[in-house]
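Enquirer: model the structure of this input:
(chains A, B and C)
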Amino acid sequence: MVMNRKTMSIVGVAAVIFAVFLVFASGCVSQGEDAETITLAGSTTVLPVAQTVAEIYMDQHATADIQISGGGSGVGATAAKEGTANIGMLSRELKDSEKEGSNLKEFVIAKDGIALIAYPTNTVSDLTLAQIKDIYQGKITNWKELGGADMKIVLIGRDSASGTRSFFTEYVLDKEDAASTMQEYSSNGAVQQAVAQTPGAIGYVSLEFVDDSVKAFTLSGIAPTVENVINNTYGLNRPLLMITNGEPTGLAKKFLDFILSDEGQNIIAENGFVPVNV
Amino acid sequence: MNTHLKSGWKETGIKSVWLATALIAASVVVFILGYLVLTSIPIFFETGVSGFLFNSVWNPTGVVPSYGIAALLIDTLLVTFGAMIFAVPLGIICAVFLAYLAPQKVRDIVKPAIELLAGIPSVVYGFFGMVVLCSLLQNVLDIPSGFSWLAASILLGIMALPTIVSVSEDALYVVPKDYTEASLGLGATKWQTISRVLIPAAASGISAAVILGMGRAIGETMAVMMVAGNAAVIPSPIWDVLSPVRTLTATLGIELAEVASGSMHYYALFGVAAVLLLITLVINLISVRITKKIQSGGSVFSIPAQIKKILMLCGMIFAVCILMYALGIIPTLILTVIVFGLFFLRRIMSHKSIERTAFGIIYAGTFLVIGILFVILANIFINGIPAISWEFLTTAPRNMGLEGGIYPAIIGTLQLVGGAILLALPIGIGSAIYLHEYSRNNLLTRLLRTGNDLLAGTPSVVFGVFGFAFLVIFLGWGVCMLAGMICLALMVLPTIIKTTEEALRSVPNSLREASLGLGATKWQTLKKVVLPSAAPGILTGTILSIGRAAGETAPIMFTAVVFSKRFISMDLFDPVMALPFHLYVLSTSVPGSETQQYGTAVVLICLVMAIYLVAIVIRKRFQKRLL
Amino acid sequence: MTSILSTKNLNLSYGSKQVLYDIDLPFEEKSVTALIGPSGCGKSTLLRCMNRMNDLIPDCKITGDILYRGENITKSDPVLLRRKIGMVFQRPNPFPKSIYDNIAYGPRAHGTKDVKILDDIVENSLKGAVLWDEVKDRLHESALGLSGGQQQRLCIARTLAVNPDVILMDEPCSALDPIATTKIEQLILDLKKNYTVIIVTHNMQQAARISDITGFMYLGKLIETGKTELIFSNPQEELTERYITGRFG
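Expert: As a prediction, the model looks like this:
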């Protein structure tokens, strides 16, 4: 039982149509000559704004291809070090173990605050650092202990690669572990989504991920806003880094220069971060 | 004389080619296992083997790092167990329906439909679970969060169903009609025939189905990552199905990309991968032994009736004790009364009404399974079709994927799949040819087959781990298309080998004998007679592999993909976008992108299902002609 | 002798194809009746009407009456009917279970649970099938380990275990070697003391050896029926004579 001609010709026609589609559609997006490609990887806090800046840069430079992926600050450090990405993105300082044995150059591109968020209808509005620590260590387990509704607290956090988590652990938890029941998510966006869907949840995200779908706590009365980060009244903030292995060259250098330029820093500010150069 | 020598050399040469491919295929799994174990050695020096396996605290990035996988192991077992409780009864019910109760026309529709369920990519299941199942659980059970053991088990159960139904149904279908006739001739009812003769007769096939389903559940990564909550704790109390859990596979999926290579955490993750691979290998070996034992006519457990009664009594007492501990005395008493009541009822019910009840349950179960398929597909299509537009299909993503389209992901998927098939086909077909046409029943062949079986049972995430460590880091390729292609190729290799072997087996020996009898060489027989006959079967296998490769995320997650890319490139050492990964990132990291998520899911499902449908149609035409 | 089972005006068709035409055939109690005829004459089909096995075939239409002890069985419950009218098939088909479980299957399906009663039934059935001595020490071993002839006797024992009145046999020896065949034939002669046996066979010598009454069928019609010695020595119909002398079929 061999395939008869009819079947083969149908398959053939289908393949041809498909190939035509490919050629036609790829005409819209194929790269020209003298193209340059760089990859960025790392913090999901930095990713959205890096993406936005990259898109604007690519609109201005038609032959540039900037490829971006996430994974967390840990990924950013590893990728830059191992060379699997040209630029690593971090939302925390480099660890000593990461600086060891490599020639990593750091560029601070912005400052960012971390907000504690909850389900929009949560009646609790204000928390102190000490309370947050107790909540995340499992010592406070119900919202009613904070004056809210009788609801179990659901702990939402980041996974171990996250710079945001690293910073949170160091600054809020005093380098101690969070409760083991904390659910771990792999990005700011995921945390925000989980909190927005879960009535009893509490989570921490970068400032730019605070929107109407969640409620942000004030920290001993100070609201998490860009202004309060600039004037340093909102203490939960950290620098956002881009790192390269050795001095950046080529498209990587041009991109970094762009971010640190006025135009780039304006984009940063528009996206809810604190610019460093303006 | 000269020509005789020449063709002798040629034949030997060709045989060596097939042998080489078979060796490659079988040695891959050994290589992977070896590489994983070797890489993981440092962790075992750090914590000791028992320290690694039995410590229940997994906190590798904690202040005091702890590398104990006991919680992960137990969670994996719990989730799999839950999935089997859900999938095995339903699966067997469906299989019985398809094999014995369904009219031919219904069977022709329902059987492919359930096989289509197998084609839905795991990331789509995860997506559905995240968005629909977990919210459902949260609302219906009034609990803080739906991400739990229960959600993971239900989802995995649904994913294991098609495997269990398909393989069980095949086993039931081929039970000789003689048994049915004999049983009915003795005055037994149809249900008695099914339950007392036919199902036990198909026991080996059904056990194989269950174990295959179990393997699928244990090895599943993406879906579990998206719905289980991922807290590395042992539920307390242990039957708290609403507790978040984290499996071995999810740990790999979440932490591998982020770990610093060369750190203790890195070695610990390899330890996890090695343990995972070992577990699947052990399950595989057990299943082969059980299947062989049942097939050879012996029953697996031949216990005299008296001991059986005592065991049952002990089991019941044990179950009652556990229930009392878990639920309290009163609910347990009520439950016991109900169970006894049902038992008593069964004794006094006439055979006719028992039969009616049994068939009623079977119909209900089958409807449930079809209903689930329908709900999942309807939900995704209804929500996803609005997102589809020409722009969506032909432009690159912008603004974190919230705008623009998924064109590079479509192309990337096709590139990855195309490359994977190009790599896997020659090796797979060569292996199958060697195993079926040339090999004798010696130690080498047994080793080759074992290697193959083990490769088939390997979880897809292990390929990803291996690819990442060996191809991306060790060989320095970086995240690139080629690494992804190789991982996918390894993953589909066993499928191609298996289906090619079956296709070769279905070519009657009389054809081969006729050709050889006319003085043709083995290679000529293969080329001109056997392979053309087997071509449709090989084609089906290829197409099934394409479908599977297109939908997989775990093997490419660390090895080939980036989230966004503007240009298509043909450079093998460039990373690509891919549909399943795109869906994963959108649903887990980009809030507000529901429309795009659904749109991506629709495109992915359409692509994969179209491929599966083609395979099913070809197979049907092939089968019809044989009859 | 009374006729325990009889057909009146029995017609059967599969879809549009008619296979049995106006069969009127009484079967005497505690006797052996043989149905002979060339391939395709409908003898197996007729046999399978007696215990409603034709119900399993879709598109099968039956008109006419089949009376068992005066009752028209086309209307009664086939499951209960088959407990009274048992069947042994052409190829031995023991279940893939132990010898004991094979025999006990029928009684268990009908509701017998007492182990002692089942033990007795098993022993008696195996004795009735002249198999007890050969298997009494390995009752719990798989039935598939027996030889072809033993398996067929097992199937007979299995049928005896449900205590039927009538035993239908559809070419029971065609898959067996001559020695096994002889054993089965002797068994049949033994069985007719207590059971009514109807046997379909294409082996005329066998029919002559073991049956009391013989019916000859051709193309779906019952051509002739009568005492076996008379049929074989002095058939009335020309067709019968031609078949018996081997001039066709």
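Enquirer: count of residues packed around residue 210?
Expert: In the absence of a named chain, chain A is used. If you count neighbours by other CB atoms under 10 Å in any protein chain shown, residue A:210 ends up with 20. All C-beta spots, glycine's among them, are computed from the backbone N, C-alpha and C.
Enquirer: look at chain C instead
Expert: The number of residues near residue C:210, taken as other CB under 10 Å, comes to 20.
Enquirer: so it makes contact with residue C:187?
Expert: No. With contact defined as CB atoms under 8 Å, residue C:210 does not reach residue C:187; the gap is 9.7 Å.
Enquirer: confirm that residue A:117 sits in a helix.
Expert: No. Residue A:117: not assigned to a helix; according to DSSP: H, G, I helix; E, B strand; the rest coil it is strand.
Enquirer: against residue A:212, how distant is it?
Expert: Per CB to CB, to the nearest Å, residue A:117 is found 11 Å from residue A:212.
Enquirer: look at these two and report which has more neighbours.
Expert: residue A:117 (26 against 7).
Enquirer: for the more buried one, which residues make a bridge with it?
Expert: Counting by DSSP bridges, residue A:117 forms beta bridges with residue A:203, residue A:216.
Enquirer: list the contacts for it?
Expert: A:192, A:195, A:202, A:203, A:204, A:205, A:210, A:214, A:215, A:216, A:217 (CB atoms under 8 Å, 6 or more residues apart in numbering or on different chains).
Enquirer: how about a cut-off of 10 Å?
Expert: By CB atoms under 10 Å, 6 or more residues apart in numbering or on different chains, the contact set of residue A:117 is A:156, A:191-192, A:195-196, A:201-205, A:209-211, A:213-217, A:224.
Enquirer: how about residue C:172, what does it touch?
Expert: If you count contacts by CB under 10 Å, 6+ apart, residue C:172 has them with C:87-92, C:152-153, C:155-156, C:181, C:184-185, C:187-188, C:199-201, C:206.
Enquirer: check residue A:101 too.
Expert: A:81, B:262.
Enquirer: over to it. Which of the three states is it?
Expert: coil.
Enquirer: what bits of the stretch 1-150 of chain B have low per-residue confidence?
Expert: Along the stretch 1-150 of chain B, segments meeting pLDDT under 70 span B:1-7.
Enquirer: how about 80 then?
Expert: B:1-9, B:29, B:61-64, B:115-118, B:142-145 (pLDDT under 80).
Enquirer: what's the spacing between the closest residue to chain A within chain C and residue B:439?
Expert: Proximity of chain C to chain A (CB to the nearest CB) peaks at residue C:58, 29.3 Å away. Residue C:58 is 45 Å from residue B:439, where distance means CB to CB.
Enquirer: more neighbours, the two?
Expert: residue B:439 (18 against 9).
Enquirer: contacts only, for the more buried one.
Expert: Contacts of residue B:439 by CB under 10 Å, 6+ apart are B:15, B:18, B:19, B:22, B:433, B:445, B:446, B:448, B:449.
Enquirer: can you select the buried ones from those residues in PyMOL?
Expert: To isolate the buried ones among those in PyMOL, judged by 16 or more other CB atoms under 10 Å in any protein chain shown, type:
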select buried, chain B and resi 15+18+19+22+433+445+448+449
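Enquirer: now the contacts of residue B:439 in a markdown table, with distance to residue B:87?
Expert: Below are these laid out as a markdown table (distance: CB to CB, whole Å):
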| residue | distance to residue B:87 |
| --- | --- |
| B:15 | 43 |
| B:18 | 38 |
| B:19 | 39 |
| B:22 | 34 |
| B:433 | 35 |
| B:445 | 34 |
| B:446 | 31 |
| B:448 | 31 |
| B:449 | 28 |
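Enquirer: so the residue of chain C closest to chain A: helix, strand or coil?
Expert: coil.
Enquirer: for the one 5 residues further on, same thing?
Expert: In the three-state summary, residue C:63 is assigned as strand, counting by three-state DSSP.
Enquirer: and for the nearest residue to it once chain neighbours are set aside, the neighbour number?
Expert: Of all residues not flanking residue C:63 in the chain, residue C:11 sits nearest, at 4.8 Å (CB to CB, 6 or more residues apart in numbering or on different chains). Residues lying near residue C:11 (other CB under 10 Å) number 16.
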